[in-house]
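Engineer: A structural model of the following input is requested.
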Amino acid sequence: MALRLNNTLTRSVQEFEPLEPGKVRVYACGPTIYNHAHIGNFRSFIVYDLLHRYLRWSGYDVRFVMNLTDVDDKTIETAAAHGVSVDEYTTPFAEAILGDARTLGMLPAESYPRATEYVAPMVAFIERLVANGLAYHTDDGVYFRISAFPGYGKLKGLDPASIKSGARVAVDEYEKEDARDFVLWKAAKEIDEETGAAWDSPWGRGRPGWHLECSVMAVTELGDTVDVHLGGEDLVFPHHENEIAQSEGATGQPFVRYWIHVKHLIVEGQKMSKSLGNDIRVHDLLDQGYEPAAIRHQLISAQYRSELNFTMAGLAASAQAVQRLLDFRDRLEGAAAAAHAEPTRLPELAEGLLDGFRTAMDGDLNSAEALAALFMFVKEVNAELDRVGDQVRPDDQAVALDALERVDQVLGLVEVARSGREIDDDTVAWIEERIEARRAAREARDWDQADAIRDELAERGIVLEDGAQGTRWKRLHQGETVG
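Structural biologist: From the prediction side, this is the model:
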């Protein structure tokens, strides 16, 4: 089975075929960097990461680009309110958002273009549109003439005959169901000059419109035709519709082959908004002690075209799910490798995991089914380890560990959890020394001393597990208590 994706443009699930065999060019609509990103933003960003990881996992050579919008109405207005330039205001937010992305395990993009770095090619792009009869100059800027582009409305599924043209819209974001000539270049205002958001052009001082920015960054970074364009569902119209019109109007080539849009999440059953105070940020959750892997798990717990209800109870359950994975990996890795042990079903179960995982991910990135396949594997392997008393053949152990690692190369849960729990060598040595001291105390039947050492470790968040193969330890995770 090949990867199949729901293409907003065709309104169907299609088999994925990049323009150039073996190579994939992906453009992702990133954040407008006027504030910190919230978990709603990161729902989309983690889906971007899933696709990025899965394409690489499937053997594609991927060039992945995610833009950072650093100049638009919002960034200019907020920079002016703080009395600083746009660059001064937006740079710390860009760094914070990319820091959160690293914390949640997102693979780095090949490029993070910022709109202010692409003004010259944006001016050239507008000149091409003017030359092609698709744009016109007015006192307040340059506008795209939608009546001159026959394909306008195809992404949203609008009837071209019903689209009004001629009434101009100068703001960057406007009523979602409105379709009128939109701004490509905005004549400079005093606020633009004050914040360093004005540039020279054939039409006078000004700045690019928000819709134009993504088109130019995508084409400059990836070429006239992009294989996959990602974004939130709110961007279908007018933003992505306008991107198509601008790009195809300038280049004469199809702009995007597959449009993928992520459905929004809600928080505790309500739409996320500042007025409700539920616009949760990643660092808010980290400050409460939740681990990045738990956040990542909840954000991929529903397929990207399904609504995700982000709840604190769900986050706690995600923390437990991640801990279950870590405990499972430790158990499997710590199982006694005995060459003459009896055969197990581990190779069969490993093959089943990989088959189920591929089927789920090939089915329009169904991360919920991929997780289900993974945790069924955990359940069945644990049962098999129980049956053989954790005595397994080295080959069986290796193939099961390899399957787990391969799946995690896409899901990123064990990877993120382990990186977030790394302990320095001196601390590890101290823990091992205390475990050895406890072993000696138990052998001497000094139960009070043994219990005191266990309590000492527990106070440091270290949990001991005694078993047939000796004593193992782990760090306490969010919400877990020592039993």
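Engineer: CA atoms only for the lowest-mean-pLDDT helix or strand in the chain, dumped as PDB, please.
Structural biologist: Lowest on mean pLDDT, DSSP states H and E among the helices and strands of the chain sits strand 470-475, with a mean of 76. This file holds the C-alpha atoms of strand 470-475, laid out as PDB (Å, rounded to 0.1, in the frame of the first residue of the first chain):
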ATOM      1  CA  GLY A 470      17.700  -7.700  39.800                       C
ATOM      2  CA  THR A 471      16.700  -4.100  40.600                       C
ATOM      3  CA  ARG A 472      15.900  -1.600  37.900                       C
ATOM      4  CA  TRP A 473      15.300   2.100  38.300                       C
ATOM      5  CA  LYS A 474      13.400   4.800  36.500                       C
ATOM      6  CA  ARG A 475      12.500   8.400  37.000                       C
END
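Engineer: and for it, what are the contacting residues?
Structural biologist: Contact with strand 470-475 is made by 326-327, 330, 334, 421, 423, 431, 435, 438-439, 457, 461-465, as judged by Cβ atoms under 8 Å, 6 or more residues apart in numbering. From N, CA and C alone the C-beta is placed, and that goes for glycine too.
Engineer: what about the strands in the stretch 101-250 of the chain?
Structural biologist: 135-138, 141-144, 168-169, 181-187, 206-208, 226-232 (DSSP state E, counting those that start in this stretch).
Engineer: Would you mind listing the residues in contact with I453?
Structural biologist: I453 neighbours (Cβ under 8 Å, 6+ apart): 434-435, 437-438, 441.
Engineer: Same check on G196?
Structural biologist: Per Cβ under 8 Å, 6+ apart, neighbours of G196: 85-87.
Engineer: on that earlier part again, could you export the contacts of I453 as CSV, including neighbour count and secondary structure?
Structural biologist: Shown next, in CSV, are the contacts of I453 (neighbours: other Cβ atoms under 10 Å; DSSP: H, G, I helix; E, B strand; the rest coil):
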residue, neighbour count, secondary structure
R434, 18, helix
I435, 19, helix
A437, 15, helix
R438, 22, helix
A441, 18, helix
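Engineer: circling back: determine which stretch of the strands of the stretch 101-250 of the chain is the most buried.
Structural biologist: Compared across these, strand 206-208 shows the largest average neighbour count, a mean of 27 (mean count of other Cβ atoms under 10 Å).
Engineer: Report all helices and strands that that one contacts.
Structural biologist: Packing partners of strand 206-208 (3 or more Cβ pairs under 8 Å, 6 or more residues apart in numbering; DSSP states H and E): helix 119-131, strand 181-187.
Engineer: need those in CSV with distance to A316 and mean pLDDT, can you?
Structural biologist: Rendered in CSV, the data for these read as follows (distance: least, Cβ to Cβ, whole Å; pLDDT from 0 to 100):
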stretch, distance to A316, mean pLDDT
helix 119-131, 46, 98
strand 181-187, 45, 96
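Engineer: can these go into TSV with extra columns for distance to S247?
Structural biologist: What follows is those, written out as TSV (distance: least, Cβ to Cβ, whole Å):
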stretch	distance to S247
helix 119-131	9
strand 181-187	12
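Engineer: Tell me which of these approaches E384 most closely.
Structural biologist: Among the helices and strands packed on strand 206-208, the nearest to E384 by Cβ to Cβ is helix 119-131 (58.3 Å).
Engineer: List of residues touching the closest one?
Structural biologist: 135-137, 142, 144, 184-185, 199, 201-202, 207-208, 212-213, 215-216, 219-220, 246, 249-250.
Engineer: Contacts for the one helix or strand V399 maps to, please.
Structural biologist: Following DSSP states H and E, one finds V399 within helix 394-411. With Cβ under 8 Å, 6+ apart as the test, helix 394-411 has contacts from 50, 53-54, 57, 300, 328-329, 332-333, 335, 337, 339, 343-344, 346-347, 349-351, 353-354, 357, 361, 367, 370-371, 373-374, 377, 381, 414-415.
Engineer: ok, and for that helix, which residues are buried?
Structural biologist: For helix 394-411, a neighbour-count test (16 or more other Cβ atoms under 10 Å) marks 396-397, 399-401, 403-404, 407-408, 410-411 as buried.
Engineer: Could I get the average pLDDT for that helix?
Structural biologist: Average pLDDT, helix 394-411: 97.
Engineer: Check the offset of that helix from the chain's centre.
Structural biologist: Taking the mean of its C-alpha atoms, helix 394-411 sits 23 Å from the chain's own mean (Cα atoms, centre = their mean, to the nearest Å).
Engineer: Now do the next helix or strand after that helix and helix 394-411, the angle between them.
Structural biologist: Once helix 394-411 ends, the next helix or strand along the chain (criterion: DSSP H and E) is helix 413-420. Computed by axes from the mean of the first three to the mean of the last three Cα atoms, to 10 degrees, the angle separating helix 413-420 from helix 394-411 equals 80 degrees.
Engineer: who wins for most neighbours among the contacts of strand 470-475?
Structural biologist: R438 (22 neighbours; other Cβ atoms under 10 Å).
Engineer: roughly how far apart are the residue lying closest to that one once chain neighbours are set aside and A28?
Structural biologist: Nearest non-adjacent residue to R438, counting by Cβ to Cβ, 6 or more residues apart in numbering: I453, 4.1 Å away. As judged by Cβ to Cβ, to the nearest Å, I453 and A28 stand 50 Å apart.
Engineer: do the same with R305
Structural biologist: Distance from R305 to A28, by Cβ to Cβ: 16 Å.
Engineer: which one of the two has more residues nearby?
Structural biologist: A28 (22 against 16).
Engineer: Tell me what the more buried one is bridged to.
Structural biologist: M66, L230 (DSSP bridges).
Engineer: In this structure it contacts R63, no?
Structural biologist: No: if you go by Cβ atoms under 8 Å, A28 and R63 don't touch, sitting 11.6 Å apart.
Engineer: Now for A135: which residues touch it?
Structural biologist: Here A135 is in contact with 126, 129, 142-145, 184 (Cβ under 8 Å, 6+ apart).
Engineer: Need phi/psi at the closest residue to L265 other than its chain neighbours.
Structural biologist: Distances taken as Cβ to Cβ, 6+ apart put L308 closest to L265, at 4.1 Å, once the chain neighbours are dropped. According to degrees, to the nearest 10, the main-chain angles of L308 amount to phi -110, psi 120.
Engineer: Tell me who's in contact with L308.
Structural biologist: So L308 contacts 43, 263, 265-266, 298-299, 301-302 (Cβ under 8 Å, 6+ apart).
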